[in-house]
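1. Quick one: sequence and predicted model below, then my questions.
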Amino acid sequence: MPSLLIDKSEYIMLKDSHKKLDEAMNQVGNLVAERKKYSAFAESFKKKAKSDNLAALETLELISSLIVKNDSLYSKKVAFFAKLVGEELKLGLSRINKIEVISRLHLGGLLFAVNKGDGLVFYPEKVVFILEKFSELKKIAKYFKELDECFDGSGPNSKTGRNVSIEIRIVRTAAFYYNFYYKNFTINQIIEKLNFFSGKALDPYCVSIVFKLLQKKDLFSAIKVKAVNVDKLEPGMVLKSAVFSKRGAMLLPSGTKLDRKIIDKIISFDLSESVADTILILNN
């Protein structure tokens, strides 16, 4: 039977190993404690940063709405409508959240503009430097640089069509619409204005979604106008809005009276490239 006794040198080696193991465990314990401390600090910092970002968003939104439009809820209302457009287009939650924040701050640049004009130019570069001071708002600063870009490329950086982010195309359309609504334009005047800017300052596809939303609110029945899809077009109908492809090419101007030949051409084009969803027609 082997002896259970160990000699002195083995005992010293074993004791030394235990000591080193205890030291290593203490180091692990210290590292865990440090990590917890830094983790708690990081969480606290994140909460504070989030709070600061929210405070900055709400303050800039309130001040710009009050000073530029004399209405503390103006930008919130633009944001609400812009979100409806995004939801109608079935965009993801992340994009819709960006659309909401951009809309709430879209008047920020006008705080620093000498000439505020008709409210359809936003001077976004004036507010970018503020957004870049906040960790979360900094992420959307790049979108603001596009806020004055027009669909036809006539904006400051000549970006055209889908080269401008969908978030900005939606915000611009919602902002234009609400600007006209806020000025107490009639629904006919709003249609005329949106028709005028469609394919120029605004994405025609986004404009068609606005028409679709207004139809859902039953705002067209009193003026004998209705919104229809391409497959509902019939001979004899007269266009109240122009017909655009989803890429922004005008196919037919407003005022066109449809016949079977024209309708077949529109349907044929829709099969190959796709026509903007909603078309306004006179509902006589």
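-> Structure received. Numbers count the residues shown, from 1 in each chain.
2. Please make it C-alpha for all contacts and neighbour counts, starting now.
-> OK.
3. Quickly find the element holding the most centrally placed residue in the chain.
-> Nearest residue to the geometric centre of the chain (C-alpha atoms, centre = their mean): Ile99, 2.0 Å. In the assignment (DSSP states H and E), Ile99 maps to helix 93-104.
4. That helix: which residues count as buried?
-> 96, 98-104 (16 or more other C-alpha atoms under 10 Å).
5. cool, and stretch 232-244?
-> 233, 237-244.
6. For that stretch, measure first residue to last.
-> One end of stretch 232-244 to the other measures 16 Å (C-alpha to C-alpha, to the nearest Å).
7. distance between that stretch and the chain's centre?
-> Taking C-alpha atoms, centre = their mean, to the nearest Å, the mean C-alpha location of stretch 232-244 is offset from the chain mean by 30 Å.
8. Number the residues from 513 up from this point.
-> Sure, I'll start counting at 513 from here, so that last one is stretch 744-756.
9. ok, and what's touching it?
-> Here stretch 744-756 makes contact (C-alpha atoms under 8 Å, 6 or more residues apart in numbering) with 703, 707, 716-717, 737, 762-772, 775, 787-788, 791-795.
10. For ChimeraX, write the select line for the buried members of those residues.
-> Command for ChimeraX that selects the buried part of the contacts of stretch 744-756, burial taken from 16+ other C-alpha under 10 Å:
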select :703,707,716,717,737,764,766,768,769,770,775,787,788,791,792,793,794
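11. quick one on the thing from earlier: which among the buried residues of stretch 744-756 gets closest to Leu578?
-> Ser753 (33.8 Å; C-alpha to C-alpha).
12. Following the chain past the helix or strand of the chain with the lowest mean pLDDT, name the next helix or strand.
-> Using mean pLDDT, DSSP states H and E, the weakest-scoring helix or strand in the chain turns out to be helix 520-581, at a mean of 66. Per DSSP H and E, the first helix or strand lying C-terminal to helix 520-581 is helix 586-600.
13. so what does that next one touch, helix or strand wise?
-> With contacts taken as 3 or more C-alpha pairs under 8 Å, 6 or more residues apart in numbering; DSSP states H and E, helix 586-600 sits against helix 520-581, helix 605-616, helix 678-694, helix 716-728.
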